[in-house]
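J.: Turn this into a structure:
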Amino acid sequence: MFSIFNTLTTKKAEFIPINKEDIRIYFCGPTVYNELHIGNYRAALVADLLSKTLKGIYPKVTFVSNITDIDDKIIKEASKQSCSINELTQKYYKKFMNDADILGISKPDLQPFATDYVDEMIDYIQTLLKNNSAYEISGNVLFEVNKFSNYGCLSGRCIEEQDSGARVKIEDYKKNPNDFTLWKPSLANEPGWESPWGYGRPGWHLECSVMSESVLGVPFDIHGGGNDLKFPHHDNEIAQTCGFHNSSDPTCFAKYWVHNGFLNLANEKMSKSLGNVVYIDDLLKEFKGNEIRLALLSTHYRQPIPWSLNLLKQAASVARKISRFTSSHTTKSKFFPGSNIGKAILDDLNTPKALAIMQSLITNPKKFDINQEISTFRYIFEGSKQDLSLSKEDQDKINQLIKLRLKARENGDYQTADKIRDELNKMNVSIKDKNGKTEWEIL
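T.: Residues are numbered from 1 along each chain as shown. Below is the predicted model:
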């Protein structure tokens, strides 16, 4: 049995799929206008963790995560860098995918780009207008929140308690400050599309409702993202989807909602606006991708992570300890639901407990089915690949050191050979001498 905390009901409960032969999940992806910091990758990693878990127990799982490639921030940054919207978004999309790969995060099964679904968004807006859930004024189309009786059902906020949560200042033409943009006019020098309301572009909140329904259909099983998306983004998604389908039931969109906690530096949420961000490129100067992944998974996904250098060092130490223990086992990465680690993961993705079980296994291996536990650990904690952070330059350096060590051994200079072995150990490289040759692997 797989249990998951459902933000919509504020309870942990058994996951009951709509169709156990076809599980469908959607997570909000990034807006690709600049380099993402390590905190941004937690949502992607949690989505990867959930997707992998479901794929370990169900025959078919479709995991979708979008890319927002049209947005006010994108337009502003493209102008600042004197490049086209497409050049900017492709640049940072490729960077995002490369960094995700380093963390062992698998590419979603489907990855829709917002600009490929503008026609569908226009049709969606027309239906909302027809259903009297939206209104048009001066080329703007807005969703009228008072028309949805359950507005705020995900975040738990009443309309009276809410601020607009908008990415721009509150417009005086709104009937309610919480009414949100479905379509907005574009200036002649801004990107846009022709529509019944003039030249313009879609609102940010609209994108995910349209893309998720277009590729998955509704209702689907699980929708997720970071805690910061509960309001207004996910509340607005629910409202407009319910408005589109003339329903007041939020489960007509998604049955379960999953949200992850933030990364905190000095007790503050990591964010670009606060200036307290850490980038993956900086972390890779000292740590490997699998070590960073383990650090991110060492805290339960719903809890904030107190991010620090000490946390990373502890994760690296644990990763090396586990790698040394598992290096002699050839079992492949596979999810065993009946393993102790598998049971921990099936209990609301409890990675801290799973990690503790793995460390107990090292101390007392006779208590466990070693192959199943190691296989499940690799499946969850090592990600899609192992040691993706090892560059060609690093590999060349390792091979050169091994050649020097072999030469020293041939010359009987065992003191130098031992020093080189120590240097390789500091690089987390394990070596084995077999038949006059040296094999190496990353711990």
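
J.: so where's the stretch 201-350 of the chain uncertain?
T.: 274 (pLDDT under 70).

J.: Then the stretch 1-150 of the chain?
T.: For the stretch 1-150 of the chain, applying pLDDT under 70 flags no range at all.

J.: show me where it has helices.
T.: 41-57, 72-80, 85-102, 118-130 (DSSP state H, counting those that start in this stretch).

J.: Relative to Ser323, which of these is closest?
T.: Nearest of the helices of the stretch 1-150 of the chain to Ser323, taken as C-beta to C-beta: helix 85-102 at 17.1 Å. For every residue, glycine as well, the C-beta is placed using N, CA and C.

J.: which of the residues in that closest one are buried?
T.: Judged by neighbour count (16 or more other C-beta atoms under 10 Å), helix 85-102 contains these buried residues: 85, 88-89, 91-93, 95-96, 99-102.

J.: and that helix, what does it pack onto?
T.: Judged by 3 or more C-beta pairs under 8 Å, 6 or more residues apart in numbering; DSSP states H and E, helix 85-102 is in contact with helix 41-57, helix 72-80.

J.: And the strands in the stretch 101-250 of the chain?
T.: Using DSSP state E, counting those that start in this stretch, the strands of the stretch 101-250 of the chain run over 134-137, 140-143, 180-185, 200-202, 220-226.

J.: How far off centre is the shortest one?
T.: In other words, strand 200-202. 27 Å (C-alpha atoms, centre = their mean, to the nearest Å).

J.: on contacts alone, who are the packing partners of it?
T.: Using 3+ C-beta pairs under 8 Å, 6+ apart, strand 200-202 sits against helix 118-130, strand 180-185.

J.: Out of the ones you listed, which is the most enclosed?
T.: Among the helices and strands packed on strand 200-202, strand 180-185 has the highest mean neighbour count (mean count of other C-beta atoms under 10 Å), at a mean of 23.

J.: If you compare the directions of that strand and helix 72-80, what angle comes out?
T.: Orientation of strand 180-185 against helix 72-80 (axes from the mean of the first three to the mean of the last three C-alpha atoms, to 10 degrees) gives an angle of 40 degrees.

J.: who touches strand 180-185?
T.: Outside of strand 180-185, the residues within contact range by C-beta atoms under 8 Å, 6 or more residues apart in numbering are 121-122, 125, 128, 134, 138-143, 145, 164, 166, 192, 195, 197-206, 232, 236, 240.

J.: so how far is the first residue of stretch 145-156 from its last?
T.: 15 Å (C-alpha to C-alpha, to the nearest Å).

J.: Can you give me the buried ones in that stretch?
T.: Residues of stretch 145-156 classed as buried by neighbour count (16+ other C-beta under 10 Å): 145, 147-148, 151-155.

J.: Tyr58: which of these is nearest?
T.: Taking C-beta to C-beta as the measure, Tyr58 lies nearest Leu154 of these, at 25.0 Å.
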